[in-house]
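S.K.: fold the following.
(chains A and B)
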Amino acid sequence: MTDNLIVNGPPEVDIDRLMDEIREEVAERRKKDQGYSQEIQEHSFREKPNFESLPQEGNPMLDISSLRSTLSFAEGHTDVGTQVTPMVHFRRPIRQIAQWIGKIVIYLSSFITVKQREFNVAVIRALDRVIEGLEVLDTQNTLRRNEHIETRSTIGDVNHQQTRMNGTIENLKSTIETLKGQHVQIKELEKTLLQLKTGLLLQENRLSMFLEEARKRLPEPFRREDLHVMADEGKQLLETFYASIEDQFRGTREDIKERLKIYLTFLKEAGLDKEKTPILDLGCGRGEWLELAQEEGLRARGVDHNRVFVKQCRDRGFEVIESDVIQHLRGLPDASLGAVTGFHIIEHLPFEALITLLDETVRVLKPGGIAIFETPNPENILVGSCNFHVDPSHISPIPSSLMKFIAEARGLCKVRILNLHPYPESFKVSGSEFADRFNEYFYGPQDYAVIGVKL
Amino acid sequence: MTRIAICTPDLESGDAVSNDAVGMYQALTEGGFEARLFAVNTRITWPKVYKPESIKDFIKNTHDLLLYHHSVGWDIGIHLLQTLQCRKVIKYHNVTPPKYFAGIAENYFIACQSGRAQLKDLLTIKGDLYLADSPYSLRELLGDGKKGLRGAVVPPFHHIDRLKGIEADDKILHRFDDGKTNLLMVGRVVPNKGHFALVDVFQTYQCKYNLNSRLFVVGKEDPGLISYTRSLRSKVREFHLENTVLFTGETSDRALKAYYSIADVFVITSFHEGFCVPLVEAMSMKIPIVAYGSTAVPDTVGKAGFVWEECDPELMAASIDRIVRHKPLRSSLGEMGFRRYQKEFSNDRIKDCLFESLRKTNLIE
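M.R.: Numbers count the residues shown, from 1 in each chain, chains lettered A, B, ... in the order given. Modelled structure (predicted):
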């Protein structure tokens, strides 16, 4: 039917006609559903356990013995019109005359009564068969009744079992909910276990190094250099702890990747492709940016001094160098990189180191290369007064105007500030100019990026 | 040279009003006009957005043009319209009636109430031209047209060209390539979008026609509307549909494209729409549409899909079934939608429509 409504050639459908058709179809279906539901209701009413309504044995409508006796009476009268009655109430002479007349009448009527007798016999035989059939039906009826009673009892059992199964299903549902909760807990435990494993590995490394140093030097006392090596190891004891802080406060891997996607546009804008890379990500942390760059088909490598992060990145197959970022930059040749990036690292550096970092960045970038540094935005009062200090390794917040000035002063060109991550709209108040200003100070961008190119 | 200031309270990527404002900016600058975007809050990185305070430095001549987009209550916008000495065009995107937020989110209720109240102010300003996304919105703004104000319908610019140019998210394509029938609804999870009715439609379809089906509800969930989203999810659980009604939340463009790519039918039961860009997205992707024809929905879909006057789950479920079972019908409806998109709603067509409206009223040469 529908196919007829599609005109050949350019596909065109008569929507109105089709909708009328559907309307009719639904009306029809509703009618049917209504009928069906009525039938169901009636059926269920009939099906209610009511043993009184069951057919009873000895039903008067099916009184077979009474039928038999009536038939037997009829059988006794089949030979109608064959004999003259004794006529005992007449006196003898009259009785003889009457019997004689009776015989003549019987003889004359025998032409009619012979057919009547044949009819009587045939009807009685037929009725005999019918009664036999009724006897069979009666027996079957009794059997069915017994079966019916048995079925009712089975239905009762099934209902009982269904109630029990409903209970079991409820129990299973609650078990599934508990399992879901446990699954979340297991995921959390797995995460903690992974962190512990990494920490343990580092402890083992440090212990081996310590023993190695001790073995070399003993029985001589520790030299100044040995103590320095050990002190440096002690400093890195905090690395695992710092990685935990990052996990707790920085956000999930997916969140961070989503946030970093914005920079892909800038890389494209700068004409960065596979040939013009590599990208060097300073302080690459858990490697979200490296992963994103790889997904985009760009070559990227990272550098981080935190061994926990370095191990995590290497486990994921990323190229990461364990080193101090400035030390690493100093070791690179001039004009060797397409992009230098650093997300939340510049606020970890003393001012002099920040200047060196920018100088080295400009030196190692190829002409046309791009530098991107993201950092917390202290112009947001909540960030400046509180959130900045959630990371104990932060040194001091850098206002965007100062950062732009520094970047330009150290040789980056086309420097711009990109405000990022304001609070969600639901946090904001509205209704006045004052409210707008309040929103800007408290719920404005929480981070910003300084972006510049080397000409 | 006429300068054109395009003004709206917020500019965010992916938002329909922002896409329209940015689309107008592109069209006008390509047309050789000097245009600028002005907004209080912005998250977009391109083009440059200026603060409304600086608008007076840009609009200096009485021949310059202020193009104001109205979709929520915004006192600054009304103030600019009242005080700036220039020619004014008001683009009305419709404001959701506040009743949908009553008892759910007080701040949205107030914002919509004030947006509706400001419609009168928009008319008393006597703008040089009133534009609306749809005939429905234009009627709502200008009434019977007896006020002598000039009006025209210009559909909103959209991001479909960009959506067509990107690759669909592979993970989603592979994950849901399992032979199930996929129904799709795209739009923010807000009360006026009629999600409860949508769940009724899906439940009817699934029970009566096709158990091997699922529904994707693609759209941002607003933390400010938590009571709405909670009760919606609880309804889904009550119907035991939690495994077949999938709420994706806000998605990337690649993911959105993937959901359109796997959809068999686009279903919408929204109670209030000023235009409904997702309908145009569905048409551009050749997805057949089954819709409840409230407000501007019939204007947007026209005769290119099933648009029912009543929000009847039985009728809508039967329509979905008809489309799913009859492949020729499905592809015909897809083609009809696509032709309608090309003819009425492509960005080029919208650009022509905008310029034609501005020229007719001598606002540009």
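S.K.: show me what counts as buried in stretch B:257-266.
M.R.: Residues B:257, B:258, B:259, B:260, B:262, B:263, B:264, B:265, B:266 are the ones in stretch B:257-266 that count as buried (16 or more other C-beta atoms under 10 Å in any protein chain shown). Where you see a C-beta, it was placed from the backbone N, CA and C, and this is true even at glycine.
S.K.: same question for stretch A:352-364.
M.R.: Across stretch A:352-364, burial judged by 16+ other C-beta under 10 Å covers A:354, A:356, A:357, A:358, A:360, A:361, A:362, A:363, A:364.
S.K.: stretch A:286-300 too?
M.R.: So for stretch A:286-300, counting by 16+ other C-beta under 10 Å, buried means A:286, A:287, A:288, A:289, A:290, A:291, A:292, A:293, A:294, A:298, A:300.
S.K.: farthest-separated two in those?
M.R.: A:286 and A:298 (18.2 Å; C-beta to C-beta).
S.K.: narrow the buried residues of stretch A:286-300 to those in helices?
M.R.: Among the buried residues of stretch A:286-300, the members found in helices (DSSP state H) are A:288, A:289, A:290, A:291, A:292, A:293, A:294.
S.K.: can I get those residues in JSON lines including distance to chain B and pLDDT?
M.R.: JSON lines is the format used below for these (distance: C-beta to the nearest C-beta, whole Å; pLDDT from 0 to 100):
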{"residue": "A:288", "distance to chain B": "15", "pLDDT": "92"}
{"residue": "A:289", "distance to chain B": "17", "pLDDT": "93"}
{"residue": "A:290", "distance to chain B": "20", "pLDDT": "93"}
{"residue": "A:291", "distance to chain B": "14", "pLDDT": "92"}
{"residue": "A:292", "distance to chain B": "12", "pLDDT": "92"}
{"residue": "A:293", "distance to chain B": "17", "pLDDT": "90"}
{"residue": "A:294", "distance to chain B": "15", "pLDDT": "88"}
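S.K.: could you dump those residues to TSV with distance to residue B:65?
M.R.: Converted to TSV, these look like this (distance: C-beta to C-beta, whole Å):
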residue	distance to residue B:65
A:288	45
A:289	43
A:290	48
A:291	47
A:292	42
A:293	43
A:294	47
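S.K.: so the residue in the stretch 201-350 of chain B positioned nearest to chain A is in which element?
M.R.: The stretch 201-350 of chain B approaches chain A most closely through residue B:332 (3.5 Å), counting by C-beta to the nearest C-beta. Element membership of residue B:332, judged by DSSP states H and E, is helix B:327-340.
S.K.: same thing with residue B:55?
M.R.: Element membership for residue B:55 (DSSP H and E) is helix B:55-58.
S.K.: what about that helix, average pLDDT?
M.R.: Average pLDDT, helix B:55-58: 94.
S.K.: which elements pack onto that helix?
M.R.: Judged by 3 or more C-beta pairs under 8 Å, 6 or more residues apart in numbering or on different chains; DSSP states H and E, helix B:55-58 is in contact with strand B:3-7.
S.K.: next SSE downstream of the strand it packs on?
M.R.: Downstream of strand B:3-7 (by DSSP H and E), the next one is strand B:10-11.
S.K.: describe which strands that following strand pairs with in its sheet and in which direction.
M.R.: As defined by DSSP bridges, the strand partners of strand B:10-11 come to strand B:41-42 (parallel).
S.K.: who touches the strand it pairs with?
M.R.: If you take C-beta atoms under 8 Å, 6 or more residues apart in numbering or on different chains as the criterion, strand B:41-42 is touched by A:422, A:439, B:9, B:10, B:11, B:12, B:49.
S.K.: one more time with 6 Å, if that's ok
M.R.: Residues outside strand B:41-42 that contact it (C-beta atoms under 6 Å, 6 or more residues apart in numbering or on different chains) are B:10, B:11, B:49.
S.K.: kindly reformat those residues as CSV containing pLDDT, neighbour count and distance to residue A:191.
M.R.: Converted to CSV, these look like this (pLDDT from 0 to 100; neighbours: other C-beta atoms under 10 Å in any protein chain shown; distance: C-beta to C-beta, whole Å):
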residue, pLDDT, neighbour count, distance to residue A:191
B:10, 92, 18, 37
B:11, 92, 24, 38
B:49, 94, 22, 40
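S.K.: looking at the residues you listed, spot the one nearest residue B:353.
M.R.: Proximity of the contacts of strand B:41-42 to residue B:353 (C-beta to C-beta) peaks at residue B:11, which lies at 22.1 Å.
S.K.: from chain A, how far out is the closest one?
M.R.: Relative to chain A, residue B:11 is positioned 13 Å away (C-beta to the nearest C-beta, to the nearest Å).
S.K.: pairing partners for that residue in the sheet, please.
M.R.: residue B:42.
S.K.: which element is residue A:213 on?
M.R.: helix A:92-217.
S.K.: grab the longest strand from chain A for me.
M.R.: strand A:365-376 (DSSP state E).
S.K.: quick check: angle from that strand to helix A:288-295?
M.R.: 130 degrees (axes from the mean of the first three to the mean of the last three C-alpha atoms, to 10 degrees).
S.K.: past strand A:365-376, which element shows up next along the chain?
M.R.: helix A:381-385.
S.K.: distance check, the residue lying closest to residue A:455 once chain neighbours are set aside against residue A:336.
M.R.: Counting by C-beta to C-beta, 6 or more residues apart in numbering or on different chains, residue A:413 is the residue found nearest to residue A:455 once chain neighbours are left out, at 4.7 Å. Computed as C-beta to C-beta, to the nearest Å, the residue A:413 to residue A:336 distance reads 19 Å.
S.K.: again with residue A:268
M.R.: Separation of residue A:268 from residue A:336 (C-beta to C-beta) stands at 21 Å.
S.K.: now residue A:325
M.R.: Residue A:325 is 15 Å from residue A:336, where distance means C-beta to C-beta.
S.K.: ok, residue B:8 next?
M.R.: From residue B:8 to residue A:336 the distance is 45 Å (C-beta to C-beta).
S.K.: give me the distance between the two termini of stretch B:64-75.
M.R.: For stretch B:64-75, the first-to-last residue distance is 22 Å (C-alpha to C-alpha, to the nearest Å).
S.K.: just give me how far it sits from the chain centre.
M.R.: 17 Å (C-alpha atoms, centre = their mean, to the nearest Å).
S.K.: close to chain A, is that stretch?
M.R.: No: applying C-beta under 6 Å from any C-beta of the partner chain, one finds stretch B:64-75 separated from chain A by no less than 8.1 Å.
S.K.: show me what counts as buried in that stretch.
M.R.: Buried residues in stretch B:64-75, counted by 16+ other C-beta under 10 Å: B:64, B:65, B:66, B:67, B:68, B:69, B:70, B:71, B:72, B:73, B:74, B:75.
S.K.: how much space between the second one and residue B:10?
M.R.: The reference is to residue B:65. In this view, residue B:65 and residue B:10 are 21 Å apart by C-beta to C-beta.
S.K.: from residue A:307, how far off is residue A:214?
M.R.: Counting by C-beta to C-beta - residue A:214 and residue A:307 are separated by 21 Å.
S.K.: ok, these two, which is more surrounded?
M.R.: Shown here are residue A:214 and residue A:307; by other C-beta atoms under 10 Å in any protein chain shown, residue A:307 has more neighbours (18 against 12).
S.K.: for that one, give me the pLDDT.
M.R.: So, for residue A:307, pLDDT stands at 85.
S.K.: check the one 5 residues further on too.
M.R.: Confidence per residue is given as pLDDT, and for residue A:312 that number is 86.
S.K.: so what's it up against?
M.R.: residue A:286.
S.K.: assign a three-state SS to it, would you?
M.R.: Secondary structure, DSSP: H, G, I helix; E, B strand; the rest coil: residue A:312 is helix.
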